[in-house]
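Asks: give me the fold of what follows.
(chains A and B)
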Amino acid sequence: MGEYIIRRLLFGLVVLLIMVTFIFVMIRAVPGDAVTLQLQEAGAASEEQVAALQAELGLDKNVFVQLVDWVTGAVQGDLGSSFWSDRPVVEMIAERLPITLELTFISVVLAILIGIPIGVISAVKHNKFIDHFLRLISVGGLSVPNFWVGLILLTFLSLTFNWMPPLSYQPFTVDPIANLQQMILPAICLAMTLSASIVRMTRSALLEVLHSDFIRTIRSKGAKERIVIYKHALRNSLVSVITLIGLQVGYLLGGTVVLESIFSLPGLGSLIFETVTLRDYPVVQASVLVFGAMFLLVNLIVDIMYGWVDPRIRNS
Amino acid sequence: MNQRLKWMCFSFLLLLTLTLAACSGGKETAKESNESENPSSSDSSQSDEPKYGGTVTVAMPADALTLDPHESATYQVHDRAGLVYNKLVTFKTGPDAAYADATIVPDLAEEWEVSEDGKTYTFHLREAYWHDLPPVNGRKVVAEDVVATMENILNQPGHQLNLLDAVESIEAPDEQTVVFNLKTVFAPFLTNMASHFMWILPKEAIEGQINLAEEAIGTGPFMLEKWDKNIKASYVRNPNYFEEGKPYLDGVDIMIIPDQAARIAAFRTGQIEYMSEISPEDWENLKRTNPDTIENRKLYATQSQLAMGMKHEKFKDERVRQAISMAIDRQNAVDRIYGGGEISAPVNPTMGDWSLPIEEREELLAYDPEKAKQLLADAGFPNGFDTVIMTTEAYGEELVRLAQWVAEDLKAIGINAEIEVAEYGSFIERWRAGDFELKFGYITRYQEVDEWLYYQFHTNGVGNYFGDSYPELDKILEEQRVLLDVDARKAKVHEAQRYILKHVLNPMPIVTQYRTLPIPPYLQAWHEHASYGYIHMKNVWLDK
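Replies: Numbers count the residues shown, from 1 in each chain, chains lettered A, B, ... in the order given. Here you go, the predicted structure:
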């Protein structure tokens, strides 16, 4: 198992390197850079000013030289400084990452709490009215964009109940109630899509298991239906649900970019949102790197969890 | 069991429908009953004695990246700078001042004189004190502070530098006097000193004892208490502010809310007092739920402009440019898209009678598609031509809609204009590189007539990116700069605008729209100014 984890981690590093190179080159290929934007802010500028600022930000060098410089720094834990505020990127990310982690965690928990029970009901009541109804809702959850639900929720709550979450962000450690009020709406939006996929996956996996021979054997032994479903069938269908969650966390992280902006949460997602517009390359690169690392880590955890859920994998 | 579930679902849906119906029904009646009270409550100029206390919360879509006003020219930096800093002179605000009033009033300078030759300006400082914070610890403001600030501006690139173009030297003959010696007579000088780029900083800041990026220690009505980046900046009342008894507010909070729908929801629920402009549609909705909200409609301090890429042969023909200008139904466009506005001119209409009178604007920029077609045919394009209008969504969707309107109008005379919506960074880069045929956008909110004209149209103007050169116009623009007599200068400024419109020079003014900047009814003395810095905030009070 140890060797397996190390191999996966090394493989992850390669993936991250490819990803960072891609982002590094792509964001520089988009027209407009921090130099143009900063000098635009400061009114008109001469050629010399442009050249001076380019040199200051290191943008006058060849893009691959820049990449090598940046990766060398990154390996040593130095992700550079923001082109705009001059703050160390590591510091900016450290400030914002916990917010995104909390949001993602709450969303996943919420999605599991909603998704699995509904999936079970749907499977057990296979082809009955309630099954059709729940499937309809889950298709809805998959089709409606989560940022749209966010906007509707905000507008609806302020219109109907004259309520919206407290404005200025409060860390959980300072004011847990305000913090949860701020987290719950974006978490619901993010959980919506994920729980819809969980419902569908739980339902189909459970149905498959319920039709297998060993379930018939257990039933014929006279086991209670509850035991059949929860102890035997559900456990056996969880592997695919867990795989799905691991893969979907990527979408979840992507969703934070827009939802954090809508709900004024100063997390890593809204940092990307702000800095892409400003062409703040070091911050964008580092944030994408962190997002990528989170995604890989979650999937590694998922792989390890397979063993925990399914002893057959553990022993093989 | 199944039957029961079915019933439960059915009753849930029924309940939901009924609740929604009840909600919307209730709202309808509430609106009607409140609408009649609207006129009386929307009168913000109450004669009551100002009350002390309370905090005004302003929402901004993005946070400032630095607090250093010499480092950045963004409104995020300069709007909040005005809470903390003062200028030597400032613009007039108040119930009897216009939104973009150009009247210059004392700020840190109590009074000033101009020498007879018009080349020396002497400012006498008032008795004012820096905020009681280290390292200045409430010391008196002296002339050296002003000199240090100005020298710092002169040593940095950017728009600020252009405003001090004419300055030869700055002296401090005594503690309370600052003298500016100019190279030539320069009519825009005093207005430029009132520009939001001219905040006076303590000399300790210039010497590096204050971290200007993170701290703000000035003479203004408010002091920076705390800045949680990307969340909130809190300002508290300065008890030693030089205007006796002011400000009335305990503080001002600047809250970062990136999303417009979230800002409107926050306004609706009373969590913020001010959030900059909202669209006509959003205003209609807001009025329905919060009927006593004051619309606060102002003519925008900038304008939409259509720029032509002059490297393309077809735009070099004046008849083509005239045809384009004549094809656009400006008044109809601004009324339909923004719910009102004016046909613009090279000097924005907010500049009062420095801009051309509205009748003249309407005449010079009249809508005449027939004549436009004729001109196009005369220029050798009887069947029109294909072109692309580059615009951006960064300024809001209305601008894109206006661009679409322009494209439709152009289509009517045979010019097949495609709209290309570029992301902001690309838009700026391509604009600067001249990589466009037609470019549609707003321009900086200039404060001085000279900025509107000389910067954009003079051969050496800093905003004339492609060096378009019209020697006849250059002469008029240079002449207006040295006329100290207001009427004589105004006549020159009008002459220049007529010249620009007659020859349809780049960029072509389109419209100046009204913006709705809603405020709650209890916000009193909210007489904002078109320049940055919330310079009216010292007079604002809450009636609640």
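Asks: going forward, measure contacts between C-alpha atoms and count neighbours the same way
Replies: Fine.
Asks: for stretch B:308-328, measure first residue to last.
Replies: Terminal residues of stretch B:308-328 are spaced 15 Å apart (Cα to Cα, to the nearest Å).
Asks: tell me which element residue B:205 falls in.
Replies: Assigned by DSSP states H and E, residue B:205 belongs to helix B:203-206.
Asks: for stretch A:89-109, the distance to its chain's centre please.
Replies: A distance of 10 Å separates the centroid of the chain from that of stretch A:89-109, by Cα atoms, centre = their mean, to the nearest Å.
Asks: what mean pLDDT does it have?
Replies: In this model, stretch A:89-109 has an average pLDDT of 94.
Asks: partner strands of the helix or strand just after the helix holding residue B:205 and their direction?
Replies: Next helix or strand after helix B:203-206 toward the C-terminus (DSSP H and E): strand B:222-228. Here strand B:222-228 is paired, per DSSP bridges, with strand B:232-237 (antiparallel).
Asks: so residue B:266 sits against residue B:274, correct?
Replies: No. If you go by Cα atoms under 8 Å, residue B:266 and residue B:274 don't touch, sitting 9.8 Å apart.
Asks: residue A:62 - how many residues pack around it?
Replies: Residues lying near residue A:62 (other Cα atoms under 10 Å in any protein chain shown) number 9.
Asks: scratch that, residue B:394 is what I was asking about
Replies: Using other Cα under 10 Å, residue B:394 has 16 other residues around it.
Asks: you'd agree it is in a helix?
Replies: No. In this structure, residue B:394 is coil, not part of a helix, as judged by DSSP: H, G, I helix; E, B strand; the rest coil.
Asks: quick one: contacts for the residue nearest to it when sequence neighbours are not counted?
Replies: Distances taken as Cα to Cα, 6 or more residues apart in numbering or on different chains put residue B:424 closest to residue B:394, at 5.7 Å, once the chain neighbours are dropped. By Cα atoms under 8 Å, 6 or more residues apart in numbering or on different chains, the contact set of residue B:424 is A:277, B:392-394.
Asks: closest to residue B:301 among those residues?
Replies: Relative to residue B:301, the closest of these is residue B:394; by Cα to Cα it sits at 17.5 Å.
Asks: ok, back up a step: with neighbour numbers in mind, choose between residue B:266 and residue B:274.
Replies: It is residue B:266, of residue B:266 and residue B:274, that has more neighbours when counted by other Cα under 10 Å, with 26 against 21.
Asks: which residues in the stretch 351-500 of chain B form helices?
Replies: For the stretch 351-500 of chain B, applying DSSP state H, counting those that start in this stretch gives helices covering B:358-364, B:369-378, B:397-412, B:424-433, B:449-450, B:456-457, B:471-481, B:486-502.
Asks: JSON lines for those, including mean pLDDT?
Replies: Formatted as JSON lines, the helices of the stretch 351-500 of chain B follow (pLDDT from 0 to 100):
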{"stretch": "helix B:358-364", "mean pLDDT": "95"}
{"stretch": "helix B:369-378", "mean pLDDT": "96"}
{"stretch": "helix B:397-412", "mean pLDDT": "95"}
{"stretch": "helix B:424-433", "mean pLDDT": "86"}
{"stretch": "helix B:449-450", "mean pLDDT": "94"}
{"stretch": "helix B:456-457", "mean pLDDT": "94"}
{"stretch": "helix B:471-481", "mean pLDDT": "96"}
{"stretch": "helix B:486-502", "mean pLDDT": "96"}
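Asks: make JSON lines out of those helices and add distance to residue A:207.
Replies: Below are the helices of the stretch 351-500 of chain B laid out as JSON lines (distance: least, Cα to Cα, whole Å):
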{"stretch": "helix B:358-364", "distance to residue A:207": "73"}
{"stretch": "helix B:369-378", "distance to residue A:207": "69"}
{"stretch": "helix B:397-412", "distance to residue A:207": "48"}
{"stretch": "helix B:424-433", "distance to residue A:207": "50"}
{"stretch": "helix B:449-450", "distance to residue A:207": "75"}
{"stretch": "helix B:456-457", "distance to residue A:207": "71"}
{"stretch": "helix B:471-481", "distance to residue A:207": "81"}
{"stretch": "helix B:486-502", "distance to residue A:207": "75"}
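Asks: so what's residue A:243 closest to, chain neighbours aside?
Replies: Distances taken as Cα to Cα, 6+ apart put residue A:302 closest to residue A:243, at 6.6 Å, once the chain neighbours are dropped.
Asks: what helix or strand is the one you found on?
Replies: Per DSSP H and E: residue A:302 is located in helix A:281-309.
Asks: deepest of the helices of the stretch 351-500 of chain B, which one?
Replies: Comparing the helices of the stretch 351-500 of chain B by mean neighbour count (mean count of other Cα atoms under 10 Å in any protein chain shown), helix B:456-457 comes out on top with a mean of 24.
Asks: quick one: contacts of it?
Replies: B:462-464, B:468-469, B:474, B:505-507.
Asks: likewise for stretch B:221-239?
Replies: Outside stretch B:221-239, the residues touching it (Cα under 8 Å, 6+ apart) are A:168-169, A:264, A:266, B:62-63, B:83-84, B:131, B:215-217, B:220, B:241, B:246-247, B:249-256, B:538.
Asks: write the ChimeraX selection for whichever of those residues are buried.
Replies: This is the ChimeraX syntax for the buried subset of those, where burial follows 16 or more other Cα atoms under 10 Å in any protein chain shown:
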select /A:168,169,264,266 /B:63,83,84,131,215,216,217,220,241,246,247,249,250,251,252,253,254,255,256,538
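Asks: show me the contacts of stretch B:221-239 that map onto helices.
Replies: Secondary structure from DSSP state H places B:83-84 of the contacts of stretch B:221-239 in helices.
Asks: so where is chain A shaky, pLDDT-wise?
Replies: Along chain A, the model assigns pLDDT under 70 to residues A:1, A:41-45, A:314-316.
Asks: just want the most central residue of it.
Replies: Closest to where the C-alpha atoms of chain A average out (Cα atoms, centre = their mean) is residue A:253, at 1.8 Å.
Asks: report the inter-axis angle for the host helix or strand of that one versus helix A:281-309.
Replies: Element membership for residue A:253 (DSSP H and E) is helix A:235-262. Helix A:235-262 runs at 160 degrees relative to helix A:281-309, counting by axes from the mean of the first three to the mean of the last three Cα atoms, to 10 degrees.
Asks: tell me the buried residues in helix A:235-262?
Replies: Neighbour count says helix A:235-262 has A:236-242, A:244-246, A:248-250, A:252-253, A:255-262 buried, by 16+ other Cα under 10 Å.
Asks: other SSEs contacting the strand or helix carrying residue B:151?
Replies: Secondary structure from DSSP H and E places residue B:151 in helix B:143-154. Helix B:143-154 is packed against helix B:159-163, strand B:167-174, strand B:177-182, helix B:203-206, with contacts defined by 3 or more Cα pairs under 8 Å, 6 or more residues apart in numbering or on different chains; DSSP states H and E.
Asks: which one of the contacts of helix B:456-457 is nearest residue A:312?
Replies: residue B:463 (71.5 Å).
Asks: what pLDDT is listed against the closest one?
Replies: Here, the pLDDT recorded for residue B:463 equals 83.
Asks: so it versus chain A, what's the distance?
Replies: According to Cα to the nearest Cα, to the nearest Å, residue B:463 and chain A sit 6 Å apart.
Asks: around chain B, which positions in chain A sit nearby?
Replies: A:30-33, A:36-45, A:49, A:84-85, A:129-130, A:151, A:154-155, A:158-160, A:162-164, A:167-169, A:261-264, A:266, A:274, A:277-279 (Cα under 8 Å from any Cα of the partner chain).
Asks: what subset of those is buried?
Replies: Buried by 16+ other Cα under 10 Å: A:31-33, A:36-45, A:49, A:84, A:130, A:151, A:154-155, A:158-159, A:163-164, A:167-169, A:261-264, A:266, A:274, A:277-279, out of the residues of chain A next to chain B.
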